[in-house]
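Enquirer: Need a 3D model of the sequence below.
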Amino acid sequence: MSWMDEGWATVYTRNHAFTVGGQASFREADAHPDAVEYLLGALGGDLISGFASHAARRGVEVDAMEASIFGRLNNPLVYLGVVGEKGHPGFETISCTLYASADADEETLEEIWQTTLARSPLVNTLNRCVGLTLNLHAVE
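Expert: Next up is the predicted model:
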């Protein structure tokens, strides 16, 4: 990882590099995603790719998927350095709904979802420190 004078960092992993714009941002637009956005995006990517992988193992063809993720910080004012604020700047809750359209009944899709959650490195890490609400919504 390397830091750039412009206030962002470049992360190197295996044969990839990506830019992290900062810890968190409350601006409408930034040149790069911040660390908070990467964490939420990584969780969504983990769940989508995991669901696709477990569905394929079960012989289920997925037509389309989309994840909607929302995270609530305990107290963003602590991150901003507001004097007298209590709490912490970390996530209090994270919720995700995975919308999936596939050639299987809801029971099979729910089994695939539960396997995805049980085998997800990020779910099993975040679940120990953040209130997670993770739902599957089967779309016809």
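Enquirer: what does the average pLDDT come to for the biggest helix by length in the chain?
Expert: Secondary structure of the chain per DSSP state H: the longest helix is helix 35-57. Average pLDDT, helix 35-57: 98.
Enquirer: buried sites along it?
Expert: In terms of neighbour count (16 or more other CB atoms under 10 Å), helix 35-57 has its buried residues at 36-40, 43-44, 46-48, 50-52, 54-55. C-beta coordinates here come from the backbone N, C-alpha and C atoms, glycine included.
Enquirer: The helix or strand following that helix vs helix 35-57, what angle?
Expert: Under the assignment DSSP states H and E, the closest C-terminal helix or strand after helix 35-57 is strand 62-73. Going by axes from the mean of the first three to the mean of the last three CA atoms, to 10 degrees, strand 62-73 is angled at 150 degrees with respect to helix 35-57.
Enquirer: Mind checking what helix or strand follows strand 62-73 in sequence?
Expert: helix 76-79.
Enquirer: Can I get that following helix in PDB, CA atoms only?
Expert: Extracted C-alpha coordinates of helix 76-79, given in PDB (Å, rounded to 0.1, in the frame of the first residue of the first chain):
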ATOM      1  CA  PRO A  76     -20.300  10.000  12.300                       C
ATOM      2  CA  LEU A  77     -19.600  13.200  14.300                       C
ATOM      3  CA  VAL A  78     -16.900  11.300  16.300                       C
ATOM      4  CA  TYR A  79     -15.100  10.600  12.900                       C
END
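Enquirer: Hmm, Glu110 is touching His137, no?
Expert: No: using CB atoms under 8 Å, Glu110 makes no contact with His137, being 10.7 Å away.
Enquirer: Could you name every residue contacting both of those two?
Expert: Jointly contacting Glu110 and His137 under the rule CB atoms under 8 Å, 6 or more residues apart in numbering is no residue at all.
Enquirer: picking up where we left off before, how about residues contacting the longest helix of the chain?
Expert: 18, 20, 22-25, 33, 61-62, 65, 67, 69, 71, 73, 91, 94, 96, 98, 100, 102, 104, 109, 112-113, 115-117, 119-123, 126, 134.
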